[in-house]
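Engineer: sequence first, predicted coordinates after that:
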Protein chains: 4
Amino acid sequence: MALKVGIVGVTGYVGEELVRILCHHPEVSEITAASNEYAGTALDRVYPYLRGHAEIEILGMEKLDELIDRSDVVFLALPHGVSAPVALQVIGKGKKVIDLAADFRLPEQKVYEKWYQTQHGAPELLKEAVYGIPELFREEIKGKRLVANPGCYPTSALLALAPLLKNRLVDRSSVIIDAKSGVSGAGRSLKLGSLFAECNENMKAYGVGSHRHTPEIAHYAGVLAGEAVNIIFTPHLIPVSRGIISTVYAKLSKALDSCSLREIYQDFYAGEEFVQVALEGEMPETKWVVGTNRCFLGVVVNKNMAVIVSVIDNLVKGAAGQAVQNMNLLFELPENTGLQQLSLYP
Amino acid sequence: MALKVGIVGVTGYVGEELVRILCHHPEVSEITAASNEYAGTALDRVYPYLRGHAEIEILGMEKLDELIDRSDVVFLALPHGVSAPVALQVIGKGKKVIDLAADFRLPEQKVYEKWYQTQHGAPELLKEAVYGIPELFREEIKGKRLVANPGCYPTSALLALAPLLKNRLVDRSSVIIDAKSGVSGAGRSLKLGSLFAECNENMKAYGVGSHRHTPEIAHYAGVLAGEAVNIIFTPHLIPVSRGIISTVYAKLSKALDSCSLREIYQDFYAGEEFVQVALEGEMPETKWVVGTNRCFLGVVVNKNMAVIVSVIDNLVKGAAGQAVQNMNLLFELPENTGLQQLSLYP
Amino acid sequence: MALKVGIVGVTGYVGEELVRILCHHPEVSEITAASNEYAGTALDRVYPYLRGHAEIEILGMEKLDELIDRSDVVFLALPHGVSAPVALQVIGKGKKVIDLAADFRLPEQKVYEKWYQTQHGAPELLKEAVYGIPELFREEIKGKRLVANPGCYPTSALLALAPLLKNRLVDRSSVIIDAKSGVSGAGRSLKLGSLFAECNENMKAYGVGSHRHTPEIAHYAGVLAGEAVNIIFTPHLIPVSRGIISTVYAKLSKALDSCSLREIYQDFYAGEEFVQVALEGEMPETKWVVGTNRCFLGVVVNKNMAVIVSVIDNLVKGAAGQAVQNMNLLFELPENTGLQQLSLYP
Amino acid sequence: MALKVGIVGVTGYVGEELVRILCHHPEVSEITAASNEYAGTALDRVYPYLRGHAEIEILGMEKLDELIDRSDVVFLALPHGVSAPVALQVIGKGKKVIDLAADFRLPEQKVYEKWYQTQHGAPELLKEAVYGIPELFREEIKGKRLVANPGCYPTSALLALAPLLKNRLVDRSSVIIDAKSGVSGAGRSLKLGSLFAECNENMKAYGVGSHRHTPEIAHYAGVLAGEAVNIIFTPHLIPVSRGIISTVYAKLSKALDSCSLREIYQDFYAGEEFVQVALEGEMPETKWVVGTNRCFLGVVVNKNMAVIVSVIDNLVKGAAGQAVQNMNLLFELPENTGLQQLSLYP
C-alpha cells in the first residue's frame, strides 16, 4: 500500500508525534502537514530531531484543500472546537478522518456543548463517528470514515475497566479513577502551570470533579457495562514529560483473589499486542511503555476491591499511536504496522 | 530553656533533617549524634551544607550511653526493629524518647510482628507509647516519655480523614487512600529502585495491598471513628525528592457540597498553624509545603464522594518536623518553636 | 531597627523570593509591594505557600508613589529598561534603591544600550550606582543610595575569579566560564523554552557568545584584575528549578598545586560567611546552597589550568539574597541578618 | 545475513541497550546473553519493557563457552578488567569481539594500568585492537576482529574536536572539554551518588583532573592532530537519565568566523548519517539525540575561540549504538542498519 496521509496541526506535540510514527511507517508513502504556526517553514527547523527522517514543509491553514486533496486519510491534531468543521471539509471531499480532538468522542451534542462550553461545529457527523479504542471497539471501527480518537486519560481508564465491566464483576455505583499524568498532556501552548519551574519537584491534583475527560470515561464505561457507571475521576500533574498511570478502584461484587482476577484480564486481552497484563509479582511502570503504543495493566485484589494499575504513554497509546492503530484498521493493514517501537530504559 | 537533644541514626535523611531543624531551634542548646556509619567524622563532612550551622561529631553506636547521658530527649531515626531496644535503654536512664521508626506505632505486638516480620524489641513499652500527631492527639501526648512518631503516609492520610471520621460523615466500609510519594521516603540506603535512572521519568504503584503503613492508618482511623474503618491504601513512587500527596476518597453518608465540607474542615483545624485548609478555588501542591512542617488540605465533594487532597513534606511533617513538634509539646514549649521555615517556590 | 521595605515587581520569582526572605527578617517591620499583575489581590492567593507568613496586598503600579513614601528602601524586581525610571523616582523621593535588573550594572551607558538594545532610562544615575557583591566591593557599597544588584551568572563567576585576578595568578587573554543554570533563571514569564516538556530531560547551551551577562562579567573581572580580561562565557540550561554551577578555566601564569591554590582562596575569603571554600576532597554541589545565600567554591589545579567550580542559588545569592545582604550593608546591620537559611538535603 | 550475536553482561544498562537495538536489527537472527546476575531468568522479567520483543534466557557466566560457540560476534558489556580475559576467550574461538569496556581503548598497557589501577588481562591483544569511532577511523575498523568501543565522553569530545585537529585550526596547548552527563552513565550498580535523592535537583563536577576518560581523549586527539594535545577535561553530573553535552573550547590559530567554521564541519562530516552539524541559528539539545545513534554538533566562534557543543545519547552513540555500528562495519552491512530510531520529543 502507498498511503498518503495529511496531518492538520502538525506543530503541537500530538502532531509531531504523528510524524515521528508515520515517517517510518512502511505503508505510508507521503505526509502532507499544515499548521497555524510556522507556515512555510521546514518541519525539521521546528523539530530538528526529525532532520533526515521527515522532509516536510509546513503548509498554512489556507492550503487545507490542497492537503486534503493529496491525502487518503487526514489526522486532525487540533484544539477541540477547531476540529469539527475541518472534519466536515475532509469528509466532504470523500477522505477519511481521524480526529484527535474531543469533538466526536461524546455522542450527545448537548453533553459535548455543556462540558466544552462551545457550540459543536459539525453535529451532523456525530452519528457516524466511532470511538477508536481498537481493543474494545474493533468491529465498529472497521470500514468507518470518521474515527474519534480517545483522550489519553479515557484510554488508560477504559482499558483498565473493560474486563471488570464487561464481565459484571464490580459495583457500578462508585468507580474511582485516580490518574497521574506527565506534563506533555497539557500540550505545547504557553500556560503558567506548564512552566518547568512550576511543575518540577511538584505534585498536584487538578480539575477535581470537573475534568472534561469525565463524561467520556463515564459514557464508554456505560457502553461496556451495558448500564450507567458512576465515575469519580481525579487527575494529577506529575513532573515527567510523558506517561499516565491510572489507578482504578472498584468494589468487587463477588469475592475473587488477585490470581483469578489476573486470569480474567489475561483472557480478555489474549492476543492483543498492545495490552499487556503484568505477570504475578510485577507492577507496571510508565517507563515500560513510554515511546510505545502499549498499555500495561497491573491487577490486584485488595480486600473487597479490585485495584487496577494502567500505564500508557499519553502521546502514543493516548493519542498519536492509537490514531495510527486506527488508521491501520481502517485500511485493513495489520494493526501493529509501524507501531513496534520499544521504550527506552532507563 | 536549654534543651539537650540526642539523635541516634543521624546520617540517614531523617537524622540529618532533625539536625537541619534543631540546629536553629532557639531552645536547643546542644545536639549529640550517633550513627553506625561515619563514626568519628564531623557531620559536615557527610553533609557539607550543614557547615557553619552545626558542629557535630558523629559518635559510634558504642557510645550510646554517653549520648543518652548528655541528652534530655533522644530522637531515634533508626530502622524498625533496631529502634525498640534503644528506646528501652533511653527510658531506663530516665530520658524521653521520640521514636521515628515503626516500633511503637501499632499498639498490638502481634500486628506489628506480622506486618514487620520481626520480633518486637520492647513490648513492655507498647502500652505507654503515644502516637504523635499533635493536631489529633495533643492531650494524650503531653507529659509522656515515649512518643511513636507517625509514618509519613499515615500523617498525610489521617489529617485528611480525621474531620470525616470524627464527624461520622462517611461510609467506613471502603475508604481509599491513593498516595504518591517522592523518593527520599525510601531513605538513603542503596536499593536498585532508588537509583536515579530507575525512578526518573517514571511512575509506579508499589506495595499494593501490602504496604506496612496500612495497619497504622487503619488503626488510627478506627480510633478517630470509634469503629473499624476499611482502608484501601495504594502508594506510588514519583520522581520528586520530597513530598507526599494523598488523595483520599470516602463515600459521604449524607449529601454535602464542597463549600459545606470545606467549612467543616476549617472548623476542625481552626487555630492549627500546621494544618491549612486550601481556600475555594485552590488545590494544594506539594511545593507549597516542601521544607515546612505544614499539611495543606484540599476539600472537594465529587458527586457522592468526599475527595480530600493532602500534601506534606515526608521528611518534615512526615518525620523530623513532626518529631520536633512533639518535642515542643513534651517540654511545654510553643508547638511552632523552631518550625516556621517557609518552602521554596519555585 | 524597624525597616520599611518596598518591593516593585513582587509577583515574579525574584520578587516573591524577596518576600520569602524579608518576611522573617528581624529588622524589617513592614513590606509594601507592587506589581503589574494581580493588583488588588492578596499575595498569598498568588503564592499560597506564603499564607500565614506574609499578609501583603499587591498594589497596582499606579500606586508607586504611595509605596515609595511608605518605604525606607525599595527593591526593584523589574525587567531591564523598566527599572531605571522607577529608580529615578525613588531616589527623587530620597529613598534608597536596590535594583535587581541590569540597568545600573554596566557603568557605560553605550555598552548597556548596545547589549540590551534599549535606551537607558536614567543615565544620570549611572555614576553613583555601586555594584553589589559585598564580598568584593564592600567598602564601595556602604553609604550608597543606589545598588546595582549583580546578575546571577556574574555573581557565581566573579566570586570564582576574584582570588585569581586580584592576585594576578592567571593569563587574562582567555578566561573561560562554562555555566549551567536551572530554569527559574528565565523567570516566570511564558516562553516556549521554559515549558516543562521542553526543558525536562534536556540540556542545551544558549546565547553562546552573545549572552547579556558577558559584558558585566568582563567589566568587573577587569576591575578586579586592574586590566582587561578576555571572557569567554557559555551558559547552559539544565533541568533543575534552582541553582547555578559555573566552571571557570584560566591558565595559571605560575605553577601552583591544588592545595596551594585552595589556601589562596581560603585566605581571600577568610571570615566571609557566605563564601565557603570546599575542603580537600570535596567538590561543591548546587544542592549544598539551594535556598541559601551561600556560594561554595571548589578549587583544583589541572595541569597548567586553574579549574574553579562555583555554585550558588540563582534566586538567592544570585538575586534576592544578595539584595538583602546589600540592604543590611546599607543600613549598617550585620550582613547575615535574616540570611541564615539552610538548604534542604535531599 | 543471519548474524548470531552474543552479549556478555546483558543486565546492565549497556547490555540491555544492546538488546533493545539488536532485537529489531534486520540482519540479526539470534541473540544469546549472559550475566553474573539473574542467571536462569528470562530477560523480560528483569526488563519487562522487552516482553514480546526479545525472548532471551539469561545464561550464567559459566556458560560462556556455549554463548561464544553460538555467536558470530560477541559484545562485552562488562566492567573494565573483567572484559579482557573474556575477549581473549572469544578471539581464541575465532569469533569477533566488540568490547564496550575500557580494556582495549588505550594502546599502551602502562597507561591503562596506571589510570585503571589494575593489571591488564590480555596485553597481547592490545596491538590488534582498533578504536571504534567509524566516522573517524572507518578504514582501520574494517576487517578487524577486536573493536575497542569508545567511552561516552570520548565519543562526544572527539567528534567535536576532529575537524579542528585534523585541519590544524587550533592551539593544542590547552583544549578544554566541559562535559555534562546524565546519570545512566554511572551504570546500574548501587552507589550512593547514583540515588535519585542525591542527584535530583543537583549539579556537580566530579573527577576534576582525574577522570579515566582523560587519557583516552588525549590519546586519540593526538592521533587526529598528529601531535600531542593537552586536554583539560571536567565531567559534571546532571539530573537527566540519558544524554551528554560536551562543550569544547580551543583557541583558534587563525581568525575564522562562525559561518566559515561551520562549513568546515559540514564538509568534514558530509555524508555521515550519524553526525549532524546544527544549522545556523540552532544549538543542539540532548533531547534531539536521546534514543538515537546521532551526534549533533553546534559550531560557534566566540572571539578567539572555537566553541563546539556536542550532544549524544551516552548509551547509544556513546555505547551500544556505536557498538552496533561497528558490528555493521565488521560484517560489511550498511552502517545504519538497525540504527534509525528517532528520539522522542518531548
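Structural biologist: Happy to help now that I have it. Since we're looking at a predicted model, the values are computed, not measured.
Engineer: right, and residue A:72 touches residue A:94 too?
Structural biologist: No: Residue A:72 lies out of contact with residue A:94 (C-beta atoms under 8 Å); the separation is 10.0 Å. From N, CA and C alone the C-beta is placed, and that goes for glycine too.
Engineer: now residue A:137. Nearest residue, chain neighbours left out?
Structural biologist: Once flanking residues are discounted, residue A:137 sits nearest to residue A:131: 5.8 Å by C-beta to C-beta, 6 or more residues apart in numbering or on different chains.
Engineer: who does the one you found form a beta bridge with?
Structural biologist: residue A:148 (DSSP bridges).
Engineer: for the stretch 151-300 of chain A, which residues are neighbours of chain B?
Structural biologist: Within reach of chain B by C-beta under 8 Å from any C-beta of the partner chain, the stretch 151-300 of chain A has these residues: A:173-174, A:176, A:178, A:180, A:197-198, A:200-206, A:208-209, A:230, A:232, A:234, A:236, A:238-243, A:245, A:247, A:249, A:251, A:258, A:283-287, A:290, A:298, A:300.
Engineer: the spatially closest residue to residue A:15 that is not a sequence neighbour and residue A:315: what is the separation?
Structural biologist: Once flanking residues are discounted, residue A:15 sits nearest to residue A:77: 4.0 Å by C-beta to C-beta, 6+ apart. Residue A:77 sits 10 Å away from residue A:315, going by C-beta to C-beta, to the nearest Å.
Engineer: which residues are in contact with both of these two?
Structural biologist: Common contacts of residue A:77 and residue A:315 (C-beta atoms under 8 Å, 6 or more residues apart in numbering or on different chains): residue A:14.
Engineer: picking that back up, between residue A:72 and residue A:94, who's got more neighbours?
Structural biologist: More crowded of residue A:72 and residue A:94, by other C-beta atoms under 10 Å in any protein chain shown: residue A:72, with 18 against 8.
Engineer: residue contacts, that one?
Structural biologist: Going by C-beta under 8 Å, 6+ apart, residue A:72 touches A:3-5, A:95-96, A:331.
Engineer: please enumerate the helices of the stretch 151-300 of chain A.
Structural biologist: Counting by DSSP state H, counting those that start in this stretch, residue ranges of the helices within the stretch 151-300 of chain A are A:152-166, A:196-199, A:213-225, A:258-268.
Engineer: show me how far the shortest one is from its chain's centre.
Structural biologist: Its chain's C-alpha centre lies 25 Å from the corresponding centre of helix A:196-199 when counted by C-alpha atoms, centre = their mean, to the nearest Å.
Engineer: what about it, near chain D?
Structural biologist: No: Helix A:196-199 does not reach chain D (C-beta under 8 Å from any C-beta); its nearest approach is 11.2 Å.
Engineer: average pLDDT for that helix?
Structural biologist: Taken as a whole, helix A:196-199 carries a mean pLDDT of 98.
Engineer: using CSV, list the CA coordinates for that helix.
Structural biologist: Only the C-alpha atoms of helix A:196-199 are listed here, as CSV (Å, rounded to 0.1, in the frame of the first residue of the first chain):
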residue,chain,number,x,y,z
PHE,A,196,9.2,23.9,34.3
ALA,A,197,9.7,25.9,37.5
GLU,A,198,6.0,25.5,38.4
CYS,A,199,5.7,21.7,37.7
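Engineer: got the contact list for it?
Structural biologist: Helix A:196-199 is contacted from outside by A:183, A:192-193, A:237, A:239, B:346, C:13, C:182-184, C:186, C:188, C:194-196, C:198-200, C:239, C:241, using C-beta under 8 Å, 6+ apart.
Engineer: need the three-state assignment for residue A:317.
Structural biologist: Using DSSP: H, G, I helix; E, B strand; the rest coil, the structure places residue A:317 in helix.
Engineer: wouldn't it be in contact with residue A:291 here?
Structural biologist: No: look at residue A:317 against residue A:291 with C-beta under 8 Å: they stay out of range, at 10.5 Å.
Engineer: which one's more surrounded, the two?
Structural biologist: Higher neighbour count among residue A:317 and residue A:291: residue A:317, with 29 against 25, using other C-beta under 10 Å.
Engineer: ok, and the closest non-adjacent residue to residue A:128?
Structural biologist: Spatially, and ignoring its direct neighbours in sequence, residue A:128 is nearest to residue A:146 (5.6 Å; C-beta to C-beta, 6+ apart).
Engineer: how about residue A:173?
Structural biologist: What sits nearest to residue A:173 in space, not counting adjacent residues and going by C-beta to C-beta, 6+ apart, is residue A:230, at 5.4 Å.
Engineer: quick revisit: in JSON lines, list the contacts of residue A:72 along with distance to chain D, neighbour count and pLDDT.
Structural biologist: Converted to JSON lines, those look like this (distance: C-beta to the nearest C-beta, whole Å; neighbours: other C-beta atoms under 10 Å in any protein chain shown; pLDDT from 0 to 100):
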{"residue": "A:3", "distance to chain D": "19", "neighbour count": "19", "pLDDT": "98"}
{"residue": "A:4", "distance to chain D": "21", "neighbour count": "16", "pLDDT": "98"}
{"residue": "A:5", "distance to chain D": "17", "neighbour count": "26", "pLDDT": "98"}
{"residue": "A:95", "distance to chain D": "27", "neighbour count": "19", "pLDDT": "98"}
{"residue": "A:96", "distance to chain D": "25", "neighbour count": "20", "pLDDT": "98"}
{"residue": "A:331", "distance to chain D": "23", "neighbour count": "14", "pLDDT": "98"}
